[in-house]
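Undergrad: would you be able to build a 3D model of this:
(2 chains)
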Amino acid sequence: MLKSLKHTFKNIGWIIILILPILISACGGPPNVDWELAITGDVASPVTYRYEELAKMEMVDLEDVLMEKSRGEDEVRSFSGVLLDTLLEKAGVNEGFSTITAMAADGYAIEISLDEMVNGIIALKQSNEWIVDADPGAGPIRLVFPETPANRWVFQVNEIVINP
Amino acid sequence: MMKTKKLRLAIVLIFLTFSISACKGSWQISLITCDQNIGEIKQDDVDFYIEKSLEEIDSIPLGQLFYHNNFTLIDEIEIRTKSGEIHTFIWDEIADESTIAQTGLIQIEDQQLEPETIKISPSTRLNEITYGIMDIAPTITDVLGLPTLPGAQGQVTWKAQGNIDQAVMIFLDGLQYDKLLSLIDQGNLPFFQTLESIHTGISVYPPITTSASASLLTSKLPHEVGVFGYGYRTTESTTLFDLAAENKMDIIAVEGASLSFNLRNAETTLSGDRDGNGFSDDNVFSNSMEVITTNLPDILYIHFHEIDDMGHSFGPESDEYESAIIRVDQYLHEIINVLPENTMIVIFADHGMHATPYGGNHGTLTANDLIIPIIFLEK
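TA: Got it, this is the predicted structure:
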């Protein structure tokens, strides 16, 4: 009887060991990523957010965003992240700025107009998965503008410059 | 006895493992031109480009493998299948819709073929090509007295008559060579009409801005500098701008609304649509004029984007595409008027454009996408 009980516990132990990684990944805590996003330019106080700070901020969900691509089929994806407006407000962006320039870690940069920025987010998740896992090589955060074709979005964004 | 059996089993297993791994990568397709076998498509090459793609794909454009075997402009291909059938295609009609999978199967539109050989008829337009995009950087280094770019594959194709103090590179994104000539013939481009020679140049594959920029700045093929296609935006290789900066030259880049490729060592200004008129080339023009009149550097790089934008949205036969070229013609006239004496000017495109049902695109191994204008001037 005791032997059978022991055997049962041993089996349960093995099952827990096997499903533990699945349970941990399902919990979905933010990954440990060394990344920073700076807000600079025409602002009252330039600010730099570490990845873990961004991951703790209130996030909004953008469901079924149409990704208009310059090549290939358009796609529909969902993203979650921090509203760009919130980050700009915290940095004390001066009213009446004309555009922003988003710069990426690989040297890419793009200037975005106010119209394009509507409802833009710094996305940390894609389809409920942290981007660092979902998009290898694309960096852990992505600037997403739901009203603008996807070729104007930015992977690996690490600085946003506010232009007067 | 048991030991001998185990040993035999182990030997058989090792042999089987080797046999299986040897089978992998064993298929190849012979490429034939003028009845001569001049290359092959191998599974390893297909695997390589699939692995390097930043997208999840299981096949790659057939054009990539032709370019890998040094083909550029092609008129026709004839595929002989393993079952002995022969299928002939006009290359331009299928270039955008032909892929090869890791299995060696070729998909052309909705047709699947298992090829044994592919006979390729190179295009007669190859005879027109005089310059390549990789010639631009070596020519600039030569004219400015800079050292040679390490490993440069391009040639010095132009010499200045007099002394040159600075170089101005004017990048016309997406300008299709044939469309340029046709607009000149129609008398719509007063500036281009004054030019003595517009060279027929060739870009690199894939003819897209990132790959072409990599080859423009390094004078090497894109895959040699780690730029394998869409999504690769920088290179570790020495660029023209690296070399100029090492030699104490200053470089300014005036870009459009976005910086397509990492221009390290250049002081870069983006020219988004800050005036809200829906165009960016007017801002590129005004920012360039400001640089020229106040702070002309040793190398000025000016990138007009709108021809490409209009080409994508409306196609290379559209009024919008033609109007963007006509506007740039006027900007070029004014820029060259204000440039000082002893300036070398090179005007070029990175790629062309072909029509699609939804507008236009580029990136295929076709004359429309690969042939580019290259113009050298001296003031």
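
Undergrad: and B:F191, how far from B:H199?
TA: Distance of B:F191 to B:H199, given as C-beta to C-beta, to the nearest Å: 16 Å. Heads up, the C-betas are built off the backbone N, CA and C, glycines and all.

Undergrad: now swap in B:H354 and tell me
TA: With C-beta to C-beta as the criterion, B:H354 and B:H199 are 21 Å apart.

Undergrad: go on, B:T157?
TA: B:T157 is 8 Å from B:H199, by C-beta to C-beta.

Undergrad: same question for B:E116.
TA: Applying C-beta to C-beta to B:E116 and B:H199 gives a distance of 40 Å.

Undergrad: pick out whichever of those two has more residues nearby.
TA: B:H199 (19 against 15; other C-beta atoms under 10 Å in any protein chain shown).

Undergrad: pretty sure the more buried one contacts B:P373?
TA: Yes - at 7.0 Å, B:H199 and B:P373 qualify as touching, with contact defined as C-beta atoms under 8 Å.

Undergrad: confirm that B:A245 sits in a helix.
TA: Yes - under DSSP: H, G, I helix; E, B strand; the rest coil, B:A245 sits within a helix.

Undergrad: quick check: closest non-adjacent residue to it.
TA: Nearest residue to B:A245, sequence neighbours excluded (C-beta to C-beta, 6 or more residues apart in numbering or on different chains): B:N265, at 3.9 Å.

Undergrad: okay, now the sheet partners of the host helix or strand of A:E159, with direction.
TA: In this assignment (DSSP states H and E), A:E159 forms part of strand A:157-163. Here strand A:157-163 has these sheet partners by DSSP bridges: strand A:36-41 (parallel), strand A:99-104 (antiparallel).

Undergrad: mind checking the SS state of B:G360?
TA: Following three-state DSSP, the label given to B:G360 is strand.

Undergrad: and B:P373, bridged to which residues?
TA: Beta-bridge partners of B:P373, as defined by DSSP bridges: B:T200.

Undergrad: starting at the chain centroid, how far to the strand holding A:E159?
TA: Taking C-alpha atoms, centre = their mean, to the nearest Å, one finds the center of strand A:157-163 at 15 Å from the center of the full chain.

Undergrad: contact partners for A:S78?
TA: By C-beta atoms under 8 Å, 6 or more residues apart in numbering or on different chains, the residues touching A:S78 are A:D61, A:L62, A:E63, A:D64, A:V65, A:Q126, A:S127, A:N128.

Undergrad: which among those residues count as buried?
TA: For the contacts of A:S78, a neighbour count by 16 or more other C-beta atoms under 10 Å in any protein chain shown gives the buried set as A:L62, A:V65, A:Q126.

Undergrad: among those residues, which one sits closest to chain B?
TA: Using C-beta to the nearest C-beta, A:Q126 is the member of the buried ones among the contacts of A:S78 that lies nearest chain B, at 13.8 Å.

Undergrad: who's that closest one bridged to?
TA: Bridge pairing for A:Q126 - DSSP bridges - gives A:F79, A:E129.

Undergrad: A:F79 is in contact with that one, correct?
TA: Yes - A:Q126 lies in contact with A:F79 (C-beta under 8 Å); the separation is 5.5 Å.

Undergrad: shared neighbours of the two, anything?
TA: What both A:Q126 and A:F79 touch, as defined by C-beta under 8 Å, 6+ apart, is the set A:R142.

Undergrad: so which helix or strand of the chain has the lowest pLDDT on average?
TA: Unless you meant another one, I'm taking chain A. Least confident helix or strand, chain A: helix A:2-27 with a mean of 55, by mean pLDDT, DSSP states H and E.

Undergrad: returning to what we had before: count of residues packed around the residue nearest to B:A245?
TA: Close neighbours of B:N265, defined as other C-beta under 10 Å, add up to 19.

Undergrad: likewise for the one 4 residues further on?
TA: B:T269 sits with 18 neighbouring residues when counted by other C-beta under 10 Å.

Undergrad: beta partners for it?
TA: B:V254.

Undergrad: which ones are touching residue 120?
TA: Just so you know, I chose chain A. Per C-beta under 8 Å, 6+ apart, neighbours of A:G120: A:L83, A:L84, A:D85, A:I112, A:L143, A:V144, A:F145, A:P146.

Undergrad: switch to chain B, that's the one I care about
TA: Contacts of B:I120 (C-beta under 8 Å, 6+ apart): B:L31, B:I32, B:T33, B:F66, B:F71, B:I74, B:E76, B:I77.

Undergrad: what subset of those is buried?
TA: Neighbour-count burial (16+ other C-beta under 10 Å) applied to the contacts of B:I120 gives B:L31, B:I32, B:T33, B:F66, B:F71, B:I74, B:I77.

Undergrad: the fourth one touches B:L365, doesn't it?
TA: Yes - between B:F66 and B:L365 a contact is recorded at 5.9 Å, counting by C-beta under 8 Å.

Undergrad: common neighbours of these two, please.
TA: B:I74.

Undergrad: show me chain A divided up by domain.
TA: Annotated domains of chain A cover A:1-30, A:32-163 [automatic domain parsing].

Undergrad: what is the neighbour count of B:L146?
TA: For B:L146, the neighbour count with other C-beta under 10 Å is 20.

Undergrad: tell me the phi and psi of the spatially most central residue of chain A?
TA: The centroid of chain A falls nearest to A:L124 when counting by C-alpha atoms, centre = their mean (1.6 Å). Note on A:L124: its backbone torsions stand at phi -110, psi -20 [degrees, to the nearest 10].

Undergrad: so what's it up against?
TA: Contacts of A:L124 by C-beta under 8 Å, 6+ apart are A:P30, A:L54, A:A55, A:M59, A:S80, A:G81, A:V82, A:W130, A:I131, A:P140, A:I141.

Undergrad: distance of it from chain B?
TA: Between A:L124 and chain B the distance is 20 Å, computed by C-beta to the nearest C-beta, to the nearest Å.

Undergrad: one more: A:I122?
TA: On the measure of C-beta to the nearest C-beta, A:I122 and chain B end up 18 Å apart.

Undergrad: hang on, the residue nearest to B:A245 packs against B:D242?
TA: Yes - counting by C-beta under 8 Å, B:N265 touches B:D242, with 5.6 Å between them.

Undergrad: residues touching residue 107, list them.
TA: The chain I'm using is chain A. Shown in contact with A:G107 (C-beta under 8 Å, 6+ apart): B:R233, B:T234, B:L259, B:F261, B:N262, B:L263, B:R264.

Undergrad: if you could check chain B rather than the one you did, that'd help
TA: By C-beta under 8 Å, 6+ apart, the residues touching B:Q107 are B:S59, B:S98, B:T99, B:I100, B:A101, B:L113.

Undergrad: residues in contact with the residue nearest to the fifth one when sequence neighbours are not counted?
TA: When you say that, I think you mean B:A101. Nearest residue to B:A101, sequence neighbours excluded (C-beta to C-beta, 6+ apart): B:S59, at 4.1 Å. For B:S59, the contacting residues are B:V46, B:I50, B:T99, B:I100, B:A101, B:Q102, B:Q107, by C-beta under 8 Å, 6+ apart.

Undergrad: in strands only, show me those residues.
TA: Among those, the members found in strands (DSSP state E) are B:T99, B:I100, B:A101, B:Q107.

Undergrad: what about the second one, how many residues nearby?
TA: By that I understand B:I100. Neighbours of B:I100 (other C-beta under 10 Å): 27.

Undergrad: that one contacts B:I41, doesn't it?
TA: Yes - in this structure, B:I100 is within contact of B:I41 by C-beta under 8 Å, at 6.7 Å.

Undergrad: what sits in contact with each of these two?
TA: With C-beta under 8 Å, 6+ apart, B:I100 and B:I41 have common neighbours B:L65.
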